[in-house]
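Colleague: below is the sequence, then the predicted model.
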Amino acid sequence: MKALTDLFRDWMPHQRWFGGKGREWAEVSENGFFLDRGNPVLSVHRVRVTYADGARETYLVPLSWRDHPAEELESAFVGAIANDGKETYAYDAMRDRDATPSWLIHLVNASTVGPMHFHPAGVAYIPEGLPGDIVSGEQSNTSLIYGQEAILKLFRRLEPGLNPDVEVHAALRSTENEHIAPLLGHIEIDEDDDPSTPPATVAMLQTFVPNASDGWRLATASVRDLYAEGDLHADEVGGDFAGESERLGAATASVHADMAAVLPTEPADDEWYGAVAAQMNDRLTAAIEVVPQLAEHAERIRALYSAVAESREPVVRQRVHGDLHLGQVLRTATGWIVLDFEGEPARPLASRRELDSPLRDVAGMLRSFDYAARHMLVEQPDDTQRAYRAQEWAARNRAAYCTGYSTASGLDPCGESPLLRAFEADKCVYECVYEARNRPHWLMIPLNSLSRLTSHE
Ligand SMILES: Nc1ncnc2c1ncn2[C@@H]1O[C@H](COP(=O)(O)OP(=O)(O)O)[C@@H](O)[C@H]1O
Ligand SMILES: O=P(O)(O)O[C@H]1O[C@H](CO)[C@@H](O[C@H]2O[C@H](CO)[C@@H](O)[C@H](O)[C@H]2O)[C@H](O)[C@H]1O
């Protein structure tokens, strides 16, 4: 009969949220406790994986337990182990609806269970008693939707310290900004061996925004409309997106202004420009190891980074979103909502919390317009007519976004800015690594963009 750690070793590499796919496991240990002894029993495990190269990661894995195999939970089956001589069956608790109400009940009660602490946010209403449904297409995190009222995001990879998504949403509560989904609570877990280490954030509960579509889906529908009309320009087709892009620019400016009002800010000093250029150079050096095709652009990219240190354009550093793209914004009946202030998932937590230029986010969204316009060309690389249309669509929507941002903030983010150009290149470099690891057939999107960016097209 298997031990619990054997179950994790067999099952975790097949989970979408597991970041160590393809890496050899040298060791695995687990530390678990019971969150609920009801029916089903719910246990929570910190699973520590040490890889063959010595690197370590800790994942959070909640399991629900049955005395008999549950047919309806077949796809959530993790494995069976012996308990007091009897076989017991473990399931992925995030896919077991009967186990999902527990998280909200504990939040309402502000419980502490073993090392886990539940923190409701102020006087927030938490829809206790509802079961949660898993969000399909989960990525590095796993989310449960409770009715149409709340969404719980479970952060799978544990890192000590408050997650920036919780930190920023908590700070923004007082602003009543209409472009964010209010925080309802969060959950933390203590580090097991070392009491001086701050707890890790396990989950965040937020108001669910009903009847919304994400920006990527809407933008790409607009591009499809344009492609279907070979002869019309982007401003002539029914699905023109520029009005939405302008409103999205205004929403971004509003969120930035409120983040600057309630979280620390600091004017950039001379050192900052050099440090930013150095960070981008280091990231490029590391990226070339993963994507050798980047080498041919390296010299021109590094010239863009040098221009940042040379131009020293005025910057007030502040907290930013850190990974803003069309997939992170939702369009409701009334406007845009910005989600997921976690920053780039691959960066260490401390660097994701650093103060930065808000142009970092503007660059992320400008890149996303480029992606939306060009991702369909992946299948038709020689279609010059569509490539021309894509260029037009991207330029039109990028400009509209900048207009919305500057109208709302009084600052034109997209004028001649070496910093913006460098941030776009840096994001492209990040995207090359992301695509090489996750969607190699899309690698040409950021690679082609780099050619354009570095040739001043
Ligand atoms: N407050 C919300 N209301 C409605 N849908 C949401 C909300 N938060 C997230 N979602 C949906 O869940 C998906 C994943 O959320 P996100 O916070 O971006 O998680 P991840 O970090 O895993 O990408 C989003 O694309 C969105 O469709
Ligand atoms: O999972 P996250 O939302 O945190 O972001 C990661 O995945 C994104 C892809 O889903 C990736 O975004 C890239 O692809 C998008 C289209 O799918 C495009 O709109 C973005 O501009 C492009 O960066 C993101 O970089 C990554 O962190």
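Modeller: That came in fine, so what should we check first? Ligands and ions are numbered 1, 2, ... in the order given.
Colleague: residues contacting the residue in the stretch 301-450 of the chain that ligand 1 sits nearest to?
Modeller: Closest to ligand 1 within the stretch 301-450 of the chain is residue 340: 3.7 Å, counting by C-beta to the nearest ligand atom. Quick note: C-beta positions are derived from backbone N, CA and C, even for glycine. Applying C-beta atoms under 8 Å, 6 or more residues apart in numbering to residue 340 gives the contacts 165, 321, 323, 328.
Colleague: now for these, which sits with the most neighbours around it?
Modeller: Ranked by neighbour count (other C-beta atoms under 10 Å), the contacts of residue 340 have residue 321 at the top, with 27 neighbours.
Colleague: my guess is that residue contacts residue 328. True?
Modeller: Yes: counting by C-beta atoms under 8 Å, residue 321 does reach residue 328; the two are 7.4 Å apart.
Colleague: now for the two: what residues contact both?
Modeller: Common neighbours of residue 321 and residue 328 (C-beta under 8 Å, 6+ apart) are 338, 340.
Colleague: for the residue at the greatest distance from the centre of the chain, give its distance to residue 429.
Modeller: Farthest-out residue of the chain from its mean C-alpha position, per C-alpha atoms, centre = their mean: residue 85, at 43.4 Å. Separation of residue 85 from residue 429 (C-beta to C-beta, to the nearest Å): 56 Å.
Colleague: go on, residue 110?
Modeller: Taking C-beta to C-beta, one finds residue 110 at 44 Å from residue 429.
Colleague: those two: which is more packed in?
Modeller: Taking neighbours as other C-beta under 10 Å, residue 110 and residue 429 compare with residue 429 leading, 24 against 11.
Colleague: residue contacts, the residue lying closest to that one once chain neighbours are set aside?
Modeller: Nearest non-adjacent residue to residue 429, counting by C-beta to C-beta, 6 or more residues apart in numbering: residue 287, 4.9 Å away. Shown in contact with residue 287 (C-beta under 8 Å, 6+ apart): 294, 429-430, 432-433.
Colleague: isn't residue 31 up against residue 58?
Modeller: No: look at residue 31 against residue 58 with C-beta under 8 Å: they stay out of range, at 9.2 Å.
Colleague: scan the chain for its longest helix.
Modeller: helix 384-409 (DSSP state H).
Colleague: tell me the secondary structure for residue 330?
Modeller: strand (DSSP: H, G, I helix; E, B strand; the rest coil).
Colleague: which residues touch it?
Modeller: Neighbours of residue 330 in contact, by C-beta under 8 Å, 6+ apart: 209, 212-215, 336-337, 339.
Colleague: give me that answer again for 7 Å
Modeller: Listed by C-beta atoms under 7 Å, 6 or more residues apart in numbering, the contact partners of residue 330 are 209, 212-214, 337, 339.
Colleague: could you measure residue 352 against residue 25, distance?
Modeller: On the measure of C-beta to C-beta, residue 352 and residue 25 end up 27 Å apart.
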